[in-house]
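Peer 1: Next one to model:
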Amino acid sequence: MSVDSAMPILIVDDYKTMLRIVRNLLKQLGFNNVDEATDGSQALTKMRSKSYGLVISDWNMEPMTGYELLKEVRADSHLSSTPFIMVTAESKTDNVVAAKKAGVNNYIVKPFNAATLKSKMAAVLGDF
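Peer 2: Just a heads-up that it's a prediction; the model follows:
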């Protein structure tokens, strides 16, 4: 499966700086069709109005966390197959296990670079 660099990607983080960093990393990888949301509920609203090829979400956000967003996405028949990568500053085993059980496709620990992002995305989407 080849990855279309024009596919829409949604990045979700409550820190504007992190949104900018991830957007820039995606741009380095050739992805320019990127939307942003600052929390899980905003992301869910966007996902219900537009189809995304990938969601990259932070774990720790208020009022709806990335983990809660993941559970909502997996419970929604229209969204459940959307590839989902979780980003977190903590590499706690409990979190990784919980995210895997909830259906996350991959996991990235901050800080990360374009090469890490590319390898995690390739593991989920196939080579690009």
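
Peer 1: SS state for the residue nearest to the spatial centre of the chain?
Peer 2: By Cα atoms, centre = their mean, the chain has its centre lying nearest to residue 56, at 1.2 Å. Here residue 56 is strand, with the state taken from DSSP: H, G, I helix; E, B strand; the rest coil.

Peer 1: which residues sit in contact with it?
Peer 2: 9-12, 22, 85, 87, 108 (Cβ atoms under 8 Å, 6 or more residues apart in numbering). No exception for glycine: its C-beta is placed from N, CA and C like everyone else's.

Peer 1: again, 6 Å this time
Peer 2: Shown in contact with residue 56 (Cβ atoms under 6 Å, 6 or more residues apart in numbering): 11, 85.

Peer 1: Distance check, it against residue 114.
Peer 2: Per Cβ to Cβ, to the nearest Å, residue 56 is found 13 Å from residue 114.

Peer 1: By mean pLDDT, point me to the weakest helix or strand of this structure.
Peer 2: helix 93-102 (a mean of 92; mean pLDDT, DSSP states H and E).

Peer 1: Just the residues contacting that one, thanks.
Peer 2: Outside helix 93-102, the residues touching it (Cβ under 6 Å, 6+ apart) are 70-71, 86, 107.

Peer 1: Please indicate which of those residues has the highest neighbour count?
Peer 2: Tallying neighbours with other Cβ atoms under 10 Å puts residue 86 at the head of those, with 27 neighbours.
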